[in-house]
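# quick check, what structure comes out for this input:
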Amino acid sequence: MTTINYPTDNDITARLLGTSALKRGCEITFVGNTITVATGEAVFNYVDQEANLLRSVNAIIPEITDTPPTTSTVLYIYLTENLTLEYDTSLANATTPNSARIQIGTLTYASGNIITAIDLTDVSQTNVPEAIRDLQYTMRPLRKQGVDLEADAVNPMKVAVGAGQVLYLSGAVKQAAAIPGVSQNILEVPAFTIPQYNYLYRDGAGGWILSQETEIIPDDYDDGSGTPANVTGWSVQKLYGDASFTIYVQYGQGIYRTYREAFQGMIVDPVVNAPLVEGAYFAGHLLIRRNCNDLNNESRCAIILPPFVNGEHNVTKS
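Residues are numbered from 1 along each chain as shown. The predicted structure follows:
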C-alpha cells in the first residue's frame, strides 16, 4: 500500500530545494530490460494559492518494477507525484524545475538492450557514518584516471574524450559490461568523439535553455538575457559528462580581453551552474577565443582538465 503523509509548509528540505526532489533511496537495478526502483522517500512541493504558501507532501515510495520502452538509446527516468514511472527521450524537461515529477535516473541502450543505468541517489553503504554520507551527497563524480579531452583528429572543432574512469561518491552506476544490475562506484568511460554538444544557458527568468549543437561554438556566451550574446574576446566554457556519455557544455558567463584574463576568471569569477549538471562529472574548462576554427590553435583555445581524485593535475594547451 502506498502511503503519502505529512502535508506541511515547513519541511526544511522543500524550502531549501524549492522544487520537488528525491530525499533518499530509489536505487535502480536492472536484469535484462526490466528495471527495479528500490523503496525510498521524496518530497513533492506545490503552491497553496489561497494561503500563498509553498507546501510539500512527503512521499514514501514503494518498490517499483517496470519494463521501459526500448525505442531510444537514452531514456531519462522520472517519478511522478502518483508514484509511477515516466520516461523521456528529451533533455528539455530536465532543465526546467517541475513539481509534478522528479528525475531519478538514466538508462542507455544498445541494440535494444540496457547497457548502463545510473540512479541519482546515495551509494548503498549501511556502515558509513552519517557525517560521511552527508559529505557524499555534496560531492559530484570525480575523474579517477584518464578521461582526457583534446581536439578531434578529423574535425578540429569537435572534442575527443580519452578512455578512463570516473569515481561516483553520491550516485551508484551500473554497467552491463561489468556486473549487470549491480551498483558500483566506478564508471568505465570508453574513448569516443563527442557527437553532440548539449549547450546550456540561462533563459533570463530563472530557468535554463538547452541547445543541441554538432560542434563547439566559440562565438557566443551567456549574458543571462535568454539569448546567447557575441563574444568580443575570450570566454570560459565548462564541459560535463554523465553515465550515459552525454556531454553538456555551459556557455561562459563572462568575456575577457586576453587568455591570461580568461584563465584568472576561470579561477575567481562566480558561475551559476545549471541544475542538469549537478549529478554529472566535471570534464574540464574550455578557454576559447572568438572566431576559433581549430581547437588545436594555441592562440585561440586551451583545454584545462580538472585534477584527478589523487590530486594530480594536468593542462592541455591545444
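
# how's this structure carved up into domains?
When the chain is parsed with automatic domain parsing, its domains come out as 3-121, 193-316.

# can you tell me which of the ones you listed is nearest to residue 156?
Closest to residue 156 of the domains of the chain is domain 193-316 (CB to CB; 4.2 Å). (Glycine included, C-beta is placed from N, CA and C.)

# about what we covered before: where among the domains of the chain is the average confidence lowest?
Note on the domains of the chain: lowest mean pLDDT is at domain 3-121, with a mean of 71.

# what's in contact with stretch 286-302?
Identification of contacts with stretch 286-302 by CB atoms under 8 Å, 6 or more residues apart in numbering yields 150-152, 156-157, 159, 216, 218-219, 230-239, 249, 259, 262-263, 266, 303-304, 315-318.

# and of the domains of the chain, who's closest to residue 144?
domain 193-316 (5.2 Å).

# check the offset of the closest one from the chain's centre.
The chain centroid and the centroid of domain 193-316 are separated by 14 Å under CA atoms, centre = their mean, to the nearest Å.

# quick one: the closest residue to residue 227 other than its chain neighbours from residue 226, how far?
The shortest distance from residue 227 to any non-neighbouring residue, by CB to CB, 6 or more residues apart in numbering, is to residue 204 (7.9 Å). Distance, residue 204 to residue 226, by CB to CB, to the nearest Å: 3 Å.

# among the contacts of stretch 286-302, name the ones in helices.
Within those, residues falling in helices by DSSP state H are 259, 262-263, 266.

# looking at strand pairing, list the partners for residue 188.
residue 165 (DSSP bridges).

# how far away is it from residue 157?
Distance, residue 188 to residue 157, using CB to CB: 27 Å.

# with residue 225 instead?
Distance, residue 225 to residue 157, using CB to CB: 25 Å.

# and those two? Which one has more around it.
The neighbour count for residue 225 versus residue 157, taken as other CB atoms under 10 Å, is higher for residue 157 (17 against 11).

# residues near the residue nearest to that one when sequence neighbours are not counted, how many?
Once flanking residues are discounted, residue 157 sits nearest to residue 215: 4.2 Å by CB to CB, 6+ apart. Using other CB under 10 Å, residue 215 has 16 neighbouring residues.

# OK, contacts around residue 215?
Shown in contact with residue 215 (CB under 8 Å, 6+ apart): 155, 157-158, 197.

# can you show me the helices along the stretch 1-150 of the chain?
Here the stretch 1-150 of the chain has its helices, by DSSP state H, counting those that start in this stretch, at 12-17, 130-138.

# and the closest residue to residue 89 other than its chain neighbours, how far is that from residue 191?
Closest residue to residue 89 apart from its sequence neighbours, by CB to CB, 6+ apart: residue 72 at 4.4 Å. Plainly put, residue 72 is 24 Å away from residue 191 if you go by CB to CB.

# so for these two, which residue has more residues nearby?
Just comparing residue 72 and residue 191: by other CB under 10 Å the higher neighbour count belongs to residue 72, 15 against 12.

# show the end-to-end separation of stretch 222-238, please.
12 Å (CA to CA, to the nearest Å).

# residue 232 is in contact with residue 252, correct?
No - using CB atoms under 8 Å, residue 252 makes no contact with residue 232, being 11.9 Å away.

# more neighbours: which of these two?
Legend: neighbour count by other CB under 10 Å for residue 252 and residue 232, higher for residue 252 (27 against 12).

# name the SS class of that one, please.
coil (DSSP: H, G, I helix; E, B strand; the rest coil).

# now do the buried residues in stretch 199-219.
Residues 199-202, 208-210, 215-218 are the ones in stretch 199-219 that count as buried (16 or more other CB atoms under 10 Å).

# and what of stretch 220-228?
Within stretch 220-228, the residues that count as buried by 16+ other CB under 10 Å are 220-223, 228.

# now do stretch 57-74
Within stretch 57-74, judged by 16+ other CB under 10 Å, the buried ones are 57-61, 64, 68, 74.

# count of neighbours near residue 190?
Using other CB under 10 Å, residue 190 is surrounded by 10 other residues.

# equivalent analysis for residue 293, please.
10.

# tell me the spacing between it and residue 73.
From residue 293 to residue 73 the distance is 30 Å (CB to CB).

# kindly report the same for residue 271.
Remark: distance between residue 271 and residue 73 (CB to CB) = 30 Å.

# so how far is residue 111 from the closest residue to residue 166 other than its chain neighbours?
Spatially, and ignoring its direct neighbours in sequence, residue 166 is nearest to residue 187 (4.3 Å; CB to CB, 6+ apart). Here residue 187 is placed at a distance of 21 Å from residue 111 (CB to CB).
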